[in-house]
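Trainee: Any chance you could fold what I've pasted below:
(chains A, B, C and D)
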Protein chains: 2
Amino acid sequence: MDKNSPIEFTLAERDASVTITQWVYSTLRNAVMYGQILPGRALTIRELAKELNVSPMPVREALRQLAAENALEIKGNRRVMVPNMTAMKFNELCQARMAIESHAAERALPYIDEARLKTLQQIDALIDDTQMAGDHGPVSALNQEFHRTLYSANPHQVTLPLIESLWLQLGPFMKLASAHLEVSNQVDRHTEAMEAIEKRDAIALQLAIKSDIREGFNFASTPELLQRFIDESNRHN
Amino acid sequence: MDKNSPIEFTLAERDASVTITQWVYSTLRNAVMYGQILPGRALTIRELAKELNVSPMPVREALRQLAAENALEIKGNRRVMVPNMTAMKFNELCQARMAIESHAAERALPYIDEARLKTLQQIDALIDDTQMAGDHGPVSALNQEFHRTLYSANPHQVTLPLIESLWLQLGPFMKLASAHLEVSNQVDRHTEAMEAIEKRDAIALQLAIKSDIREGFNFASTPELLQRFIDESNRHN
DNA sequence: TCGTTATTTTTGTGATCACAATAAAAGCAA
DNA sequence: TTGCTTTTATTGTGATCACAAAAATAACGA
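Mentor: Below is the predicted model of the structure:
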């Protein structure tokens, strides 16, 4: 509940064509997504405004938008915080990801052409390289880009915003997941997915996506391990 | 793009315990959900503020929140409007509903106790009565309540906000759907769902939910019929 | 020392204003 | 009338301020 722990933002350059509110939004979004703001941390408008060198107004709007996406939680006392994780909620989020993303993949399959498949291969290669180099930071972002590229092949896509909301809620844990990817992903599910795409095999594609998601989180394979990570993230209450 | 068509809101009493922003939000949300604002209609902050007798500030926040839920669309020129529907998008929304809601139902099943089942039965009975009376207005809201009651049995539920986002996007069409319910729903899928719950049969429950959703929209069973309804809704551009 | 009350500070909310960008209207030439 | 330019009006954005509610702190009594 206190706010002793300082927040470190990766402050991007603010493009002139982008409104301040949008800039604040994406800054805060990244902070949540990559675990720079710890669950339970109380956020105040004025504090963030001061930290980001803007007036309180854009911060207000950005916070409300993130709350609407379930990235932040507005408590009864109108305080805003990053929601705490529980083992059960974590499980629900993973199950929801598997259900929705496999559906999104299936609906995208008919629209994936040569060019997009090539893009997917490039992203996957980049992930492998980055992982080899032991650089775990960008892996989680690249992994998201792989999935996003896949689903957005469908030009009438409606589930991507919902999926991104789930990613956002799992945010802090994605970071942990990517650090453990090299151990868990003996089988490259991305390759499996791309093979399924080439064969136009919807079932195989869904299976590959589900496996990829499940194995991405099997650093929490036992309830004990999971609880350890949750405690680690929720420490700041 | 013009704004000649007036907007009629059902103005609820504003409880003192609720902030103005929240009141504006739910007013606008209802207007979108029940098709009181037609797709393509341009919305301006000041116009709505005047209409609702509040300052522009709460309207700004409510609009941004609704946009984050994909109920409204912020165009490049920063204008806000209700998104237009297309046949393909409509189809994607229905498919998404079936995938996500059947998943939510499955995850809720273990948590449904006697009391909740009774509540479901009561809502279903109310739907039947209302339909008999030929009163199509509240049917769509009651139908939503049935689904919401079902999914929210799961105390760790994370998909309900996503589902509500889909409902919101289908909003104007739900109204049409409820008007055609009596014709299409020869088989009461709600009863099927409740029987599946009693038997703890997850597969049967998912099937019932999927059928319920599909049949709820089979007023658009042929592409021609669907296009007619879409044109009817998008007329105001 | 600890629990309770009173005071001070901080916070979210909502209103108002200034400004630049956009859209609408008017003016004008063909 | 039609197409283009200029002018005017409207709009979203962002800053600042007032206020009531809530939280943090101080004061006080056991």
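Trainee: quick one, what contacts A:Leu28?
Mentor: A:37, A:48, A:62-63, A:66 (Cβ atoms under 8 Å, 6 or more residues apart in numbering or on different chains). In this view, the C-beta of every residue, glycine as well, is placed from N, C-alpha and C.
Trainee: Which ones among those lie within strands?
Mentor: Among the contacts of A:Leu28, the subset assigned to strands under DSSP state E is empty.
Trainee: Generate CSV for these, with distance to DNA strand C, neighbour count and pLDDT as supplementary columns.
Mentor: Formatted as CSV, the contacts of A:Leu28 follow (distance: Cβ to the nearest atom of the strand, whole Å; neighbours: other Cβ atoms under 10 Å in any protein chain shown; pLDDT from 0 to 100):
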residue, distance to DNA strand C, neighbour count, pLDDT
A:Ile37, 14, 25, 87
A:Leu48, 8, 24, 96
A:Ala62, 12, 26, 97
A:Leu63, 8, 22, 97
A:Leu66, 13, 24, 97
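Trainee: Kindly indicate which of the residues you listed lies nearest chain B.
Mentor: Closest approach to chain B among the contacts of A:Leu28 (Cβ to the nearest Cβ): A:Leu66, at 8.0 Å.
Trainee: Quick check: closest non-adjacent residue to the closest one.
Mentor: Excluding its sequence neighbours, the residue lying closest to A:Leu66 (Cβ to Cβ, 6 or more residues apart in numbering or on different chains) is A:Leu72, at 4.6 Å.
Trainee: and what of A:Asp15?
Mentor: Using Cβ to Cβ, 6+ apart, the closest residue to A:Asp15 is A:Trp23 (7.7 Å).
Trainee: what about the one you found, how many residues close to it?
Mentor: If you count neighbours by other Cβ atoms under 10 Å in any protein chain shown, A:Trp23 ends up with 19.
Trainee: where does it land in three-state SS?
Mentor: Recorded secondary structure, A:Trp23: helix (DSSP: H, G, I helix; E, B strand; the rest coil).
Trainee: just A:Ala204 next, same as before
Mentor: Under three-state DSSP, the three-state class of A:Ala204 is helix.
Trainee: got a list of what it touches?
Mentor: With contacts defined as Cβ under 8 Å, 6+ apart, A:Ala204 is in contact with A:192, A:195-196.
Trainee: where along chain A do the helices fall?
Mentor: A:20-33, A:45-52, A:56-68, A:87-108, A:114-132, A:139-151, A:160-179, A:181-184, A:189-198, A:202-216, A:223-233 (DSSP state H).
Trainee: so which of those helices comes closest to A:Val80?
Mentor: When the helices of chain A are compared by Cβ to Cβ, helix A:56-68 sits nearest A:Val80, at 5.4 Å.
Trainee: Pull up the residues of chain A that are close to DNA strand D.
Mentor: A:1-2, A:19-21, A:54-58, A:61, A:77-79 (Cβ under 7 Å from any atom of the strand).
Trainee: quick one: which of the residues you listed is nearest to B:Ala96?
Mentor: Here the nearest of the residues of chain A next to DNA strand D to B:Ala96, counting by Cβ to Cβ, is A:Glu61; it sits at 27.6 Å.
Trainee: gap between the nearest residue to A:Asp212 once chain neighbours are set aside and DNA strand C?
Mentor: The shortest distance from A:Asp212 to any non-neighbouring residue, by Cβ to Cβ, 6+ apart, is to A:Arg189 (3.6 Å). Using Cβ to the nearest atom of the strand, to the nearest Å, we find A:Arg189 at a distance of 41 Å from DNA strand C.
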